[in-house]
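Asks: Mind folding the following:
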Amino acid sequence: MSDLLQLVTISGSLRAASFNTALLRTLPELSPPTIRYRQLDWSALPVLNEDDDPPALVAELQQEIRAADGLVIATPEYNKGIPGGLKNLIDWLSTGGRPHGLDGVPVALLGVSSGVVGTSMSQAAMRVTLAGLNAPTMPAPQVLIGPASQRFDAQGELSHEPTREFVKSWVVAMERWMRRFPRTER
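Replies: You can find the predicted model right below:
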């Protein structure tokens, strides 16, 4: 196994000024040199209709996720649940025969919202969905950032120092957890 942990990331928000995307952009600077991140672009996915053949993008995303050492998903919370677009992506990734795109792939969740309780409901729902797809999900610590307006500056950068330090400690725990699932065993 390589000393370098290659992770792919997904932002659950397609909004241009997404705090969740900004949080993912912050991870490399808060991480040790043993971790590399690459963000996946899923913005062109149509709504899942099982009458249609999957677009080529689905197979590409599945392949990229399976080739990585793990997946990090930053999710907002919409109406106390998973954003519709992100749930659509997860549904697409689970299509096809086993192993599908998420089967056995370790996942770490984090999220930002405008509310004071962060993304606790969205992440709880994501954990249920991912468990059903056999995607082991890091149980703790949890990154539930809110309210976003008090944690990010006007340029959309994570500027709240205590939050930055917490995310930095989360990255250490996340790396240790991800390394429990060697790619060769999936």
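Asks: now the nearest residue to Leu30 once chain neighbours are set aside: how far from Asp53?
Replies: Nearest non-adjacent residue to Leu30, counting by C-beta to C-beta, 6 or more residues apart in numbering: Lys168, 4.3 Å away. For glycine as for every other residue, the C-beta is placed from the backbone atoms N, C-alpha and C. Counting by C-beta to C-beta, to the nearest Å, the gap from Lys168 to Asp53 is 43 Å.
Asks: So for the two, which sits in the more crowded spot?
Replies: Lys168 (15 against 9; other C-beta atoms under 10 Å).
Asks: And the particular helix or strand that has that one in it, how far out from the chain middle?
Replies: Using DSSP states H and E, Lys168 sits within helix 161-178. From the chain centre to the centre of helix 161-178 is a distance of 14 Å (C-alpha atoms, centre = their mean, to the nearest Å).
Asks: just stretch 128-145 next, same as before
Replies: 10 Å.
Asks: buried residues in it?
Replies: Residues of stretch 128-145 classed as buried by neighbour count (16 or more other C-beta atoms under 10 Å): 129-130, 133, 135-138, 142-145.
Asks: In helices only, show me those residues.
Replies: When the buried residues of stretch 128-145 are checked against helices (DSSP state H), the matches are 129-130.
Asks: Over to Arg38: give its phi and psi.
Replies: Here is the backbone geometry of Arg38 (degrees, to the nearest 10): phi -140, psi 120.
Asks: How much space separates the residue nearest to it when sequence neighbours are not counted from Thr184?
Replies: Sequence neighbours aside, Val8 is the residue nearest to Arg38 in space, at 5.3 Å (criterion: C-beta to C-beta, 6+ apart). To Thr184, Val8 is 17 Å away according to C-beta to C-beta.
Asks: Over to Pro83?
Replies: 33 Å.
Asks: So which of the two has more stuff around it?
Replies: Pro83 (21 against 6).
Asks: So which residues of the protein form strands?
Replies: Using DSSP state E, the strands of the chain run over residues 5-11, 35-39, 70-74, 107-112, 143-145.
Asks: does Asp91 really touch Asn49, like I thought?
Replies: No - using C-beta atoms under 8 Å, Asp91 makes no contact with Asn49, being 10.6 Å away.
Asks: the more surrounded of the two?
Replies: Using other C-beta under 10 Å, the more surrounded residue of Asp91 and Asn49 is Asp91, with 15 against 7.
Asks: and stretch 36-45, how far from the chain's centre?
Replies: 10 Å.
Asks: Residues contacting it, please?
Replies: 4-11, 14, 21, 24, 27-28, 31, 55, 57-58, 61, 64-65, 68, 72, 85, 88-89, 92 (C-beta atoms under 8 Å, 6 or more residues apart in numbering).
Asks: Repeat that for stretch 84-100.
Replies: Taking C-beta under 8 Å, 6+ apart as the rule, stretch 84-100 contacts 10, 12-14, 42, 45, 47-48, 54, 58-59, 61-62, 65-66, 73, 75, 78, 82, 101-102, 126, 129-130, 133, 186.
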